[in-house]
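J.: Sharing a model that was predicted from the sequence below.
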2 protein chains.
Amino acid sequence: MSDTDELLSIRAAELYYEENQTQDEIGVILRLTRWKVGRLLASAKANGFIRIEIVHPRARRLPIERRLRESTGLTDAIVVSSAGVSSDAELQSRTAQAAADYLTSLRPIPRTLGISWGRTLHDVSLHLKQGWAPGVNVVQINGGVSLNQRTGTAASTAVTIAHKADGSATLLPSPAIFERLETKQAMEADRTVAGVLALARNAQAYVFSAGQADANSALVDSGYLTVEQIDDLVSRGAVGDVVGRYIDANGRIVDPELNERTVGIQIDQLRRAPLTIAVISGNNKHAIARAVVRNGLCTVLVTDEDTANALLQEKDTP
Amino acid sequence: MSDTDELLSIRAAELYYEENQTQDEIGVILRLTRWKVGRLLASAKANGFIRIEIVHPRARRLPIERRLRESTGLTDAIVVSSAGVSSDAELQSRTAQAAADYLTSLRPIPRTLGISWGRTLHDVSLHLKQGWAPGVNVVQINGGVSLNQRTGTAASTAVTIAHKADGSATLLPSPAIFERLETKQAMEADRTVAGVLALARNAQAYVFSAGQADANSALVDSGYLTVEQIDDLVSRGAVGDVVGRYIDANGRIVDPELNERTVGIQIDQLRRAPLTIAVISGNNKHAIARAVVRNGLCTVLVTDEDTANALLQEKDTP
DNA sequence: CGCGCATCTGCTCAGATGAGCAACAATCCC
DNA sequence: GGGATTGTTGCTCATCTGAGCAGATGCGCG
């Protein structure tokens, strides 16, 4: 397009979008036919001079969602807008809200819903509305009785989600990680625990988050792992944890021995499940989000715009 | 509007603006009539959820221009958008470009154009296109042979503007400020200089910028004033300089004695002129811009969005 | 319970807009 | 210089959209 046409398209856009003039009127002002004005406006849009943003906590980015679905093979992607967000916490709250919305609109409603625990899932539970689904049985899919936090963070998440659905919660009364393999095996042998795990394995849908592998991990906070252990895992390629299990960029378990001592469903169970919803948001979670999506650990991803763009970008530069 | 309607309006906006769906189609998706969709979209706009921005160096902000004209009585206001601008320099360059555009479109074309000098005016001269006006006589309205900068900054501005208009430049061969009043008076008595000043007083239009009163002033750079002198002026109420003369917030000369030693047209000559174009941009120039506009020193203001908003804001809070 | 008021909903209709088409202009290549 | 190709312009027509209106619905108050 010629330089003067570019300038004209800007003048036209000002009159059209800021002054609410009709294309006809703009034609009179700029001494153009209204068709020319229409084409100038179209070219201004095509050149990206017109930026339309939806500024609202509940706003989503549908075009990015579509591109994500197409490039990753996810069955669904929910991407919340980061327009006007000032903090990571706000972004995560928006994402949790979107996840809650998604769960609410799920059809068919899953009879059994397997969930992990953590800050994100807790947030999701708070955003669900009373009566969001009728009679869902919520089951914990990984261990999580906190060692040194106020008890019940993990349990309360499940209970809240179940309560708001007028359903029941099945808790997994076990630590996330045992120090000795034998203790873990003994625990799993217990009839009650085995029953919960069987239920977890047969859930119709899973909702989980993921943590970046760093010193702020919830597993460190809870006392299951030390910072040194995390450093070691990172040096062996770990990018983050999913249902308490550390994986590398290729979705493989980093430390099989540690994995064996971890209570809950296996990574492979997520891979096989027909509906697994990952809720991952925050600027430091791009790597683990990539690992989860790339390796088919979820069928649905709920995330924020920045993380989604990070996922898309690497696709373009193989 | 109800909460669920607000959410619906966001969903509708996503489909309308990001997915280019028709209101009819959106109605089918959201199970609404197309009229309802139309109203939801209108309400999303009214609530400010839809932000439309024109991102282009030449973009202007017409609504702000209109409000400025209405609230200040300016005959014209040109406000460049600051969308996507990273530095003050870029903003000033955009403003200079807009000033050049404005000059180019001036009708009737002034036969004699009085200009000041400085970084901004120089920028304007560079943005003018060859042949922007036929045969304008450009005349300097204040002294400005640099003392310690590379010679000719002031002169080259006038010459460039005149040259690009295929016109002539009349320079004011004098320092901006004399140390002794007598020298200044002797200078003005000189036939040549008196002739230039007479021409300057009779110019049909003026273009000038203004400087904030601080250590970075061009008058300090050029060696006419010391930082201490500026501090003194500020302590006496000076907010900045116009054609080399320091004024306070009420548009009054701060130091009459200094003013007497300054060569060029008087502030009052600007007040009386039918067409005076002030080009003022930058985040540190809000105060001097306010003084210029409030006190009728210009009839046309070319500025940036931030400065314009600063001018408008104070109007709202008297 | 019934009335009046305010809001909401679906509609008509006219004006605004985008897609597609034919005529025309500009450019390029022999 | 001639012909082909590409891009531009003004137009017709079908579709989309907003204003205005009448009836429906909901709400508060006596």
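T.: Sure, I can see it.
J.: and the residue in the stretch 101-250 of chain A that chain B sits nearest to, which of the three is it?
T.: Closest contact between the stretch 101-250 of chain A and chain B, by C-beta to the nearest C-beta, is at residue A:101 (8.6 Å). Just so you know, the C-beta spots here come from the backbone N, C-alpha and C atoms, and that holds for glycine as well. Of the three states, residue A:101 takes helix according to DSSP: H, G, I helix; E, B strand; the rest coil.
J.: Give me the pLDDT value at it.
T.: Here, the pLDDT recorded for residue A:101 equals 94.
J.: Count the neighbours of it for me.
T.: Number of residues near residue A:101 (other C-beta atoms under 10 Å in any protein chain shown) recorded here: 20.
J.: Also residue A:190?
T.: 13.
J.: quick one, strands of the stretch 201-318 of chain A?
T.: Assignment of strands within the stretch 201-318 of chain A using DSSP state E, counting those that start in this stretch yields the ranges A:205-208, A:210-212, A:238-242, A:245-248, A:276-280, A:300-304.
J.: Give me the mean pLDDT for the last one.
T.: Same thing as strand A:300-304. In the prediction, strand A:300-304 has an average pLDDT of 97.
J.: Next, see if it gets close to chain B.
T.: No. Residues of strand A:300-304 are not located near chain B by C-beta under 8 Å from any C-beta of the partner chain, the shortest gap being 15.4 Å.
J.: list the contacts for the residue nearest to the spatial centre of chain A?
T.: Nearest to the mean C-alpha position of chain A, counting by C-alpha atoms, centre = their mean, stands residue A:279 at 2.4 Å. Taking C-beta atoms under 8 Å, 6 or more residues apart in numbering or on different chains, we find residue A:279 in contact with A:95, A:96, A:99, A:120, A:121, A:124, A:207, A:208, A:209, A:302, A:303.
J.: Between which two of the residues you listed is the distance greatest?
T.: Among the contacts of residue A:279, the pair separated by the greatest distance (C-beta to C-beta) is A:121 and A:303, at 14.4 Å.
J.: of those two, who's got more company?
T.: More crowded of residue A:121 and residue A:303, by other C-beta under 10 Å: residue A:303, with 31 against 23.
J.: Now do the more buried one against DNA strand C, distance only.
T.: Residue A:303 sits at a distance of 31 Å from DNA strand C (criterion: C-beta to the nearest atom of the strand, to the nearest Å).
J.: thinking that residue is in contact with residue A:281, fair?
T.: Yes. With contacts counted by C-beta atoms under 8 Å, residue A:303 reaches residue A:281, the gap being 5.5 Å.
J.: what residues do these two have in common as contacts?
T.: Joint contacts of residue A:303 and residue A:281 (C-beta under 8 Å, 6+ apart) are A:80, A:95.
J.: gap between the two ends of stretch A:288-303?
T.: 12 Å (C-alpha to C-alpha, to the nearest Å).
J.: Flag every buried residue along that stretch.
T.: Along stretch A:288-303, these residues count as buried under the neighbour rule (16 or more other C-beta atoms under 10 Å in any protein chain shown): A:288-293, A:295, A:297-303.
J.: Contacts only, for the residue of the stretch 101-250 of chain A closest to chain B.
T.: Neighbouring residues of residue A:101 by C-beta under 8 Å, 6+ apart: A:58, A:127.
J.: Could you report the distance from it to DNA strand D?
T.: Distance, residue A:101 to DNA strand D, using C-beta to the nearest atom of the strand: 25 Å.
J.: ditto for residue A:55
T.: In terms of C-beta to the nearest atom of the strand, residue A:55 sits 19 Å off from DNA strand D.
J.: ok, now residue A:79?
T.: Applying C-beta to the nearest atom of the strand to residue A:79 and DNA strand D gives a distance of 24 Å.
J.: in the sheet, who's paired with that residue?
T.: residue A:303 (DSSP bridges).
J.: wouldn't it be in contact with residue A:61 here?
T.: Yes. Proximity of residue A:79 to residue A:61 meets the contact threshold set by C-beta under 8 Å, at 4.5 Å.
J.: Now do the shared contacts for these two.
T.: What both residue A:79 and residue A:61 touch, as defined by C-beta under 8 Å, 6+ apart, is the set A:305, A:308.
J.: can you dump the C-alpha coordinates of stretch A:83-103 into CSV?
T.: Extracted in CSV, the C-alpha atoms of stretch A:83-103 (Å, rounded to 0.1, in the frame of the first residue of the first chain):
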residue,chain,number,x,y,z
ALA,A,83,-5.1,-7.3,29.3
GLY,A,84,-4.9,-4.9,32.2
VAL,A,85,-3.4,-7.4,34.6
SER,A,86,-0.8,-6.1,37.0
SER,A,87,0.3,-9.1,39.0
ASP,A,88,0.8,-12.8,38.5
ALA,A,89,-1.6,-13.5,41.3
GLU,A,90,-4.4,-11.7,39.5
LEU,A,91,-3.6,-13.7,36.4
GLN,A,92,-3.8,-16.9,38.3
SER,A,93,-7.0,-15.9,39.9
ARG,A,94,-8.5,-15.2,36.4
THR,A,95,-7.3,-18.6,35.2
ALA,A,96,-8.8,-20.3,38.2
GLN,A,97,-12.1,-18.5,37.5
ALA,A,98,-12.0,-19.7,33.9
ALA,A,99,-11.3,-23.3,35.0
ALA,A,100,-14.3,-23.1,37.4
ASP,A,101,-16.4,-21.8,34.5
TYR,A,102,-15.2,-24.6,32.3
LEU,A,103,-16.0,-27.3,34.9
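J.: Fine by me, we can end here.
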